[in-house]
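Asks: Generate a structure from the sequence data that follows.
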Amino acid sequence: MEKAGAPLALIKIFAVVGVVSLLVVLFAFAALFYVRSSRTSIASKTIIEMDLRDGVGQYSPPDASLSFLLKKQPDVVAIARAIDAAGRDKRVVGLIGRVGGEQIAFADVQEIRDAVLRFRGAGKPAVAFAESFSESGPGNSGYYLSSAFDSIFIQPSGTLGLTGLISEAKFYKSALDKLGVKARLGARKEYKTYRNIFIDTAFTPQHRESSLSIIESVSKVMIADIAKDRGIDEKKFEELVQTGPYTASQALEAGLVDGLLYRDQVFERMREKAGKGSGFLYLDRYMQLSRKKDGGSGSKKSIALIYGEGSIASGKSSVNPLTSSITMGSSSVASAIRSAVRDKNVGAIIFRVNSPGGSYGASDEIWREVVLARESGKPVIVSMGAVAGSGGYFISLPANKIIAQPSTITGSVGVVSGKFYTAPFFNMLGITFDNVSTSPNADTWSMLHDYSEKQWDLMQAWLDTAYNEFVGRAAEARKIDKDKMFSIAGGRIYTGAQAVQNGLVDTLGGFYDAVASAKELMGVPEGKSVPVKIFPRRKSHIERFFGSKSNSSEDAEIQAFLSYPRLKMNSERLNTVNEILLMDVPNVR
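Replies: Purely as a prediction, here's the structure:
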């Protein structure tokens, strides 16, 4: 009896410890929430502190209960909108941007740069500060962003990694060969480089040509912008890029920065410039406290903002908290579009697309809803993020207008599909398989069987059909002769600047320009603001836990059933490549 009592006592002790630990954690969260929420208003002479050292994000899932599982990164659209609001806000007298650290996609840099320039246009000072523009890697994007500010200060011990752009690609063929895995992939056409990374060990001529074209285009815009902002002759600045990186003192001597200061010195300078009684406020906190609809408006109409973020797949959107990656679920996005169409107060839709593509069927489902939205009389404006290629471009096609940043990666009008034949790998481990089937093609998508000659021919025909349909839709939507579209397509990627030239995109700009276009198509008088509403809306905690299920997919939009993505923990399977509208995104830094 005494032996049985000991474990019971131990269990009670652990239970008490567990409860106490839980209470401590809850108390800590409550205290943190209280501290974060203690400030309830925006003071006069507020200086906004924007910390971008951890990079930026593109999308914030509507379900707040999942947000703590994701990597904390500010939304690039929200950042730009907040800076614009701060520029109009008489209580805000300045902006400090803390940069350096994580690489930021060049299109995202351009989105924020544009907002900073508008902020300065309101007559307010903006200062950039970095401990270092990357100590062990390229600092191009961080410096590019900083050049939009009035002044750039760097810590005396810092470095400026201004070294020009590079795009590196990984090739997996040799590793797959050692593992006994064979990539059986087909692509249309020669510029569809997603296939190459699994079947080649280096760039093909087309892959090299495409990648070089991208970094040259991005570099051209970056050099022109920085030279203009810094007041340096463009040719001279290009020479400076060729001879980087620089120490802080070398950067100052070359006129690339305005001073060597520490954080406290930069903040004190800004405080002195703002005047007595000024104080600092984080940008995200400013967003929380300012919660106004585009600066306030008497307009009854609103603009719907719908995010299309991540690889495209059928079903509901999902998030992977381990990688912070988001999957764009076709039913989630389609439902959000239908909801916006049904809302009588919505006068136009901005579809913010940031996706490398994915499933053809899922992309087609979203494509159809964009078509129906436009046919309903509500204009759709696509605002492209860092990447909107292949399936990401496909779902953008029916829009009234497509807007991209100069360095957005888009295009990739092409298809890829296939599977990974893995039986030899398992055989090396001593694992064998057997099967029975009712059809000679039942094993078409099995990773344990290579394609038969007939199956391979069927897949090639399927790729041809999908490719021809993609090119046809692109030609019709962009009003380009189909033969010319074939010459533009081929699976090739383009920057936004290149895409405007070849007709794949209408104009260059960001979210701010998308709002302006939406207002114009709505017939809103110049100078009158219109609120922007995100679809689907965020559900309250009560709705999330106690809300009723929809009776049908038609009811889903009304009840905002799809207002949050599913939590996905499983890893991706390396057996088939079902996402035939998928692209290889170049790593430009």
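Asks: use CA for all of it now, contacts and neighbours both
Replies: Will do.
Asks: Tell me where the model's unsure across the stretch 451-589 of the chain.
Replies: In the predicted model of the stretch 451-589 of the chain, residues 538-589 satisfy pLDDT under 70.
Asks: one more time with 90, if that's ok
Replies: Scanning the stretch 451-589 of the chain for pLDDT under 90 picks out the ranges 525-529, 536-589.
Asks: Let me see the ranges of the helices in it.
Replies: Here the stretch 451-589 of the chain has its helices, by DSSP state H, counting those that start in this stretch, at 453-478, 482-488, 496-502, 511-522, 541-546, 553-559.
Asks: Now the second one - C-alpha only, CSV.
Replies: The C-alpha coordinates for helix 482-488 follow below in CSV (Å, rounded to 0.1, in the frame of the first residue of the first chain):
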residue,chain,number,x,y,z
LYS,A,482,-1.5,34.3,-79.6
ASP,A,483,1.6,33.7,-81.6
LYS,A,484,3.3,36.7,-79.9
MET,A,485,2.2,35.4,-76.5
PHE,A,486,3.8,32.0,-77.3
SER,A,487,7.1,33.9,-77.9
ILE,A,488,6.7,35.8,-74.6
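Asks: Just send the helices of the stretch 451-589 of the chain back as CSV, with distance to Met270 too.
Replies: What follows is these, written out as CSV (distance: least, CA to CA, whole Å):
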stretch, distance to Met270
helix 453-478, 48
helix 482-488, 50
helix 496-502, 36
helix 511-522, 27
helix 541-546, 41
helix 553-559, 48
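Asks: Is it possible to get JSON lines of the ones you listed that adds mean neighbour count and distance to Pro406?
Replies: Formatted as JSON lines, those follow (neighbours: other CA atoms under 10 Å; distance: least, CA to CA, whole Å):
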{"stretch": "helix 453-478", "mean neighbour count": "17", "distance to Pro406": "19"}
{"stretch": "helix 482-488", "mean neighbour count": "16", "distance to Pro406": "18"}
{"stretch": "helix 496-502", "mean neighbour count": "20", "distance to Pro406": "4"}
{"stretch": "helix 511-522", "mean neighbour count": "20", "distance to Pro406": "13"}
{"stretch": "helix 541-546", "mean neighbour count": "11", "distance to Pro406": "40"}
{"stretch": "helix 553-559", "mean neighbour count": "17", "distance to Pro406": "35"}
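Asks: right, and these - which one's nearest Gly137?
Replies: Counting by CA to CA, Gly137 lies closest to helix 496-502 out of these; the figure is 25.7 Å.
Asks: hang on, Leu52 packs against Ile96?
Replies: No. Using CA atoms under 8 Å, Leu52 is not in contact with Ile96, being 10.6 Å away.
Asks: Of those two, which one has the most company?
Replies: Legend: neighbour count by other CA atoms under 10 Å for Leu52 and Ile96, higher for Ile96 (24 against 18).
Asks: confidence score at that one?
Replies: The model reports Ile96 with a pLDDT of 96.
Asks: which residues does it contact?
Replies: 47-50, 126-129 (CA atoms under 8 Å, 6 or more residues apart in numbering).
Asks: Swap in 6 Å and give it another go.
Replies: 49, 126-128 (CA atoms under 6 Å, 6 or more residues apart in numbering).
Asks: before we move on, back to that, quick one: closest of the helices of the stretch 451-589 of the chain to Phe535.
Replies: Closest among the helices of the stretch 451-589 of the chain, using CA to CA: helix 553-559, at 9.7 Å.
Asks: Spit out the contact partners of Thr410.
Replies: For Thr410, the contacting residues are 387-389, 493-494, by CA under 6 Å, 6+ apart.
Asks: Equivalent analysis for Thr163, please.
Replies: When the contact criterion is CA under 6 Å, 6+ apart, the partners of Thr163 are 241, 244-245.
Asks: By neighbours, which of the residues you listed wins?
Replies: That'd be Pro245 among these, by other CA under 10 Å, with 23 neighbours.
Asks: Model confidence at that residue, what's the number?
Replies: We have a pLDDT of 93 for Pro245.
Asks: again with the one 3 residues further on
Replies: Model confidence at Ala248, given as pLDDT, is 94.
Asks: Just list the residues touching it, thanks.
Replies: 156, 158-159.
Asks: Output those as CSV; include the columns distance to Tyr282.
Replies: Below are those laid out as CSV (distance: CA to CA, whole Å):
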residue, distance to Tyr282
Pro156, 25
Gly158, 24
Thr159, 26
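Asks: Next, check those residues against the strands and list the overlap.
Replies: Of the contacts of Ala248, the ones assigned to strands by DSSP state E are Thr159.
Asks: mind checking which helix or strand of the protein has the lowest mean pLDDT?
Replies: strand 566-567 (a mean of 37; mean pLDDT, DSSP states H and E).
Asks: okay, now the closest residue to Lys228 other than its chain neighbours: neighbour count?
Replies: Nearest residue to Lys228, sequence neighbours excluded (CA to CA, 6 or more residues apart in numbering): Glu234, at 7.5 Å. Using other CA under 10 Å, the number of residues around Glu234 comes to 16.
Asks: now swap in Gly55 and tell me
Replies: By the measure other CA under 10 Å, the count of residues near Gly55 is 21.
Asks: how near is it to Thr432?
Replies: With distances defined as CA to CA, to the nearest Å, the gap from Gly55 to Thr432 amounts to 46 Å.
Asks: Report whether Ile79 is found in a helix, as I expect.
Replies: Yes. Under DSSP: H, G, I helix; E, B strand; the rest coil, Ile79 sits within a helix.
Asks: Thr327 reaches Gly308, doesn't it?
Replies: No. Taking CA atoms under 6 Å as the definition, Thr327 is not a contact partner of Gly308, at 9.1 Å.
Asks: and those two? which has more neighbours close in?
Replies: Remark: of Thr327 and Gly308, Gly308 carries more neighbours, 31 against 23, as counted by other CA under 10 Å.
Asks: Name whatever forms a beta bridge with that one.
Replies: Val353 (DSSP bridges).
Asks: doesn't Val353 make contact with it?
Replies: Yes. Here Gly308 reaches Val353: they are 4.6 Å apart, a contact under CA under 6 Å.
Asks: how about the strands in the stretch 301-450 of the chain?
Replies: For the stretch 301-450 of the chain, the strands defined by DSSP state E, counting those that start in this stretch cover 302-309, 311-313, 318-320, 325-329, 346-355, 357-358, 380-389, 401-404, 409-411, 415-421.
Asks: Include distance to Asp364 when you put those into JSON lines, please.
Replies: JSON lines is the format used below for the strands of the stretch 301-450 of the chain (distance: least, CA to CA, whole Å):
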{"stretch": "strand 302-309", "distance to Asp364": "14"}
{"stretch": "strand 311-313", "distance to Asp364": "10"}
{"stretch": "strand 318-320", "distance to Asp364": "19"}
{"stretch": "strand 325-329", "distance to Asp364": "12"}
{"stretch": "strand 346-355", "distance to Asp364": "14"}
{"stretch": "strand 357-358", "distance to Asp364": "11"}
{"stretch": "strand 380-389", "distance to Asp364": "14"}
{"stretch": "strand 401-404", "distance to Asp364": "18"}
{"stretch": "strand 409-411", "distance to Asp364": "16"}
{"stretch": "strand 415-421", "distance to Asp364": "13"}
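Asks: Please, where are all the strands along the stretch 151-300 of the chain?
Replies: Going by DSSP E, counting those that start in this stretch, the stretch 151-300 of the chain shows strands at 151-154, 159-160, 167-168, 182-188, 246-247, 259-260, 279-282.
Asks: Quick check: Asp443 vs Met328, distance?
Replies: Per CA to CA, Asp443 is found 29 Å from Met328.
Asks: what about the two, which has more around it?
Replies: Met328 (29 against 18).
Asks: from memory the more buried one sits against Glu309, does it?
Replies: Yes. Here Met328 reaches Glu309: they are 5.5 Å apart, a contact under CA under 6 Å.
Asks: partners of Gly97 in the sheet?
Replies: Those that pair with Gly97 in a beta bridge, by DSSP bridges, are Met50, Ala128.
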